[in-house]
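Undergrad: sequence first, then the predicted structure:
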Amino acid sequence: MKVRVKITIWYAVILIAILLISLIVYYNVSKSYIDTQVETTLDNVVRSDLKDVDIAKSGTYSEKDAQEIINLDAHYDLVVGKGFLSEFNDVNVGIYDDKTYLYGQEDSTFSAYYGTGEILEVEDGGNLKYAISEEFTKYGRTIYIYGTVSEADAQEVISKGMAVGRWLIPILVLIGLIGGYGISHKVLAPIRRISMAAEKVRDSGDLHERLEIDSNDELGDLEQNFNQMFDYVEMAFDRERNFMSNVSHELRTPIAVIKAQCEYMALADNIDDEMKEDLTIISGQCDDMAGIIRSLREVNNLLRNIKKDDFDLSQSVRDMVYVVGVEYPDFQIKCEIDRDYVYSGDKILIERMIRNILDNAIKYSDKEKFVEISLIKGVLKIRDTGIGIDELDKEEIFRPFYKANTSRHDDGSGLGLSFVKDIADAHNLEIEIESALGKGTCFIIKMVEDYE
């Protein structure tokens with residue numbers, strides 16, 4: 001999973017967590033506040049209505065002086081003043097005597113045993129209500145002002161807020177995902193440029209690649225450090241290549257002079273056969289040294305100018321097998337090659353790498369046996385039936401001029417496998433060696449990243 005996606009997901013998760021915590025806090029705070037407000041309103045309405053209720057002797061009040069006059073018995077009336085509110089802000093108020101509903105909003109939850117002055121929670125068919133009862137006594141008659149409010153009504157404001165929150169969460173999550181993706185895209189842009197530059201250098205081998213610094217923050221410092229690192233790497237490579245080029249150039253002249261002097265001295269009449277043999281050996285060593293210098297210059301120049309293009313690797317391997325077959329007509333080469341396998345790389349260097357391994361395989365194999373070469377699903381294998389490589393030598397054979405103990409007798413330069421390693425590294429190829437003394441060697445070159 002890419003870092004940008006991870007940042008976006010984390011951004012969205014944090015945003016969702018903040019929203020959920022906010023809703024929980026909102027719910028708890030709102031519930032506590034609304035409950036308090038409801039209880040206060042309920043108490044105020046009932047106490048206010050209590051002031052608009054009176055018990056008077058029959059005939060004391062006329063109907064025009066009151067909201068309602070209710071006869072309690074032959075001697076007394078219940079007088080409900082004009083300011084009495086039977087319904088206000090979801091609060092329902094009714095008037096009762098010990099058992100009977102008299103006026104206002106009737107509620108089945110009334111009981112004279114509830115006491116007075118305290119807000120209670122009562123059940124009404126499974127619904128919770130807040131209730132308060134106030135007692136009024138006069139002339140030995142007692143009535144009750146009973147007020148109720150449904151918890152559902154009290155919770156309606158909270159429910160509306162929570163409903164808004166439920167709609168708000170997916171909208172904010174979507175905004176968070178889009179915003180997080182955009183922010184991560186912007187923040188990671190310098191890192192993405194660094195990655196692309198590194199890939200370009202890896203694929204092309206061009207160490208001149210540099211980043212354009214467009215910020216003064218930590219990422220800008222990272223880009224600057226990246227450029228400085230590549231300055232150093234480029235200088236190091238240039239020094240190494242110039243050294244190889246200069247050394248090989250400077251060695252050519254003295255070697256040529258030594259060879260010429262040996263050949264001239266061998267023509268003299270006053271030297272014996274032993275001396276002539278020594279001069280011939282020296283001249284041969286000069287030829288070997290000149291060959292090493294040519295190889296160094298050739299590979300050094302090729303590695304300095306890598307050109308990666310798509311080419312048919314299958315056909316290149318077939319052509320190489322054909323050429324080797326012509327050069328070694330008595331040698332058996334068994335091949336198994338997929339058709340039309342296209343690889344992106346420097347064709348000359350890749351063919352040079354394969355040819356070096358193939359030449360080694362032939363050099364160390366018994367002519368009565370054979371060499372196997374295969375290219376299957378992007379994996380190149382070259383197996384010989386020769387002397388094999390000791391386990392201790394496997395880690396060393398790619399070093400320049402190194403020769404394994406089993407090959408001390410040969411006349412090679414010790415650079416062939418070193419060139420193979422350089423070319424493989426330039427193409428980000430992995431090489432494995434399977435070998436045991438006396439059982440041959442197999443070089444495995446994994447030319448695909450998903451090889452298992």
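TA: Nice, I can see it. Numbers count the residues shown, from 1 in each chain.

Undergrad: how far away is Ile281 from Ala266?
TA: Applying Cβ to Cβ, to the nearest Å, the value for Ile281 to Ala266 is 11 Å. C-beta here means a position set from N, CA and C on the backbone, and glycine is covered the same way.

Undergrad: so between those two, which is more surrounded?
TA: Relative neighbour count places Ala266 above the other of Ile281 and Ala266, with 16 against 11, counting by other Cβ atoms under 10 Å.

Undergrad: surely the more buried one and Leu279 touch.
TA: Yes. Taking Cβ atoms under 8 Å as the contact criterion, Ala266 and Leu279 are neighbours in contact, 4.6 Å apart.

Undergrad: related to what we said a few turns ago, now the common contact residues for Ile281 and Ala266.
TA: With contacts defined as Cβ atoms under 8 Å, 6 or more residues apart in numbering, no residue is shared by Ile281 and Ala266.

Undergrad: per the record, what domains does this protein have?
TA: Dividing the chain into domains by automatic domain parsing, as the record does, gives the ranges 3-162, 218-301, 307-446.

Undergrad: worst average pLDDT in the ones you listed?
TA: Among the domains of the chain, domain 218-301 carries the lowest mean pLDDT, at a mean of 76.

Undergrad: for the chain, which segments count as helices?
TA: With DSSP state H as the criterion, the chain has helices at 3-50, 151-187, 189-204, 218-266, 273-304, 313-327, 347-363, 416-426.

Undergrad: just put the ones you listed in a markdown table and tack on distance to Thr441.
TA: Putting these into a markdown table (distance: least, Cβ to Cβ, whole Å) gives the following:
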| stretch | distance to Thr441 |
| --- | --- |
| helix 3-50 | 42 |
| helix 151-187 | 49 |
| helix 189-204 | 29 |
| helix 218-266 | 29 |
| helix 273-304 | 22 |
| helix 313-327 | 17 |
| helix 347-363 | 7 |
| helix 416-426 | 11 |
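
Undergrad: out of these, which gets nearest to Gly378?
TA: For those, distance to Gly378 was read as Cβ to Cβ. The smallest value, 8.6 Å, belongs to helix 313-327.

Undergrad: packing partners for the closest one?
TA: strand 332-337, helix 347-363, strand 370-376 (3 or more Cβ pairs under 8 Å, 6 or more residues apart in numbering; DSSP states H and E).

Undergrad: in CSV: these, plus mean neighbour count and distance to Val201.
TA: As requested, the helices and strands packed on helix 313-327 are arranged in CSV below (neighbours: other Cβ atoms under 10 Å; distance: least, Cβ to Cβ, whole Å):
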stretch, mean neighbour count, distance to Val201
strand 332-337, 14, 32
helix 347-363, 20, 17
strand 370-376, 19, 28
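
Undergrad: and these: which comes nearest Asn92?
TA: strand 370-376 (87.5 Å).

Undergrad: quick one, that closest one and helix 313-327 angle?
TA: When axes from the mean of the first three to the mean of the last three Cα atoms, to 10 degrees is applied, the directions of strand 370-376 and helix 313-327 differ by 170 degrees.

Undergrad: what lines up beside strand 370-376 in the sheet?
TA: Listed by DSSP bridges, the sheet partners of strand 370-376 and their directions read strand 332-337 (parallel), strand 379-383 (antiparallel).

Undergrad: give me the contact list for it.
TA: Under the contact criterion Cβ under 8 Å, 6+ apart, strand 370-376 has outside partners 313-314, 317, 321, 331-338, 341, 358, 361-362, 365, 380-385.

Undergrad: change it to 7 Å
TA: Outside of strand 370-376, the residues within contact range by Cβ atoms under 7 Å, 6 or more residues apart in numbering are 313-314, 317, 321, 332-338, 341, 358, 361-362, 365, 381-385.

Undergrad: wait, Leu72 sits on Arg141?
TA: Yes. At 6.2 Å, Leu72 and Arg141 qualify as touching, with contact defined as Cβ atoms under 7 Å.

Undergrad: alright, I will stop here.
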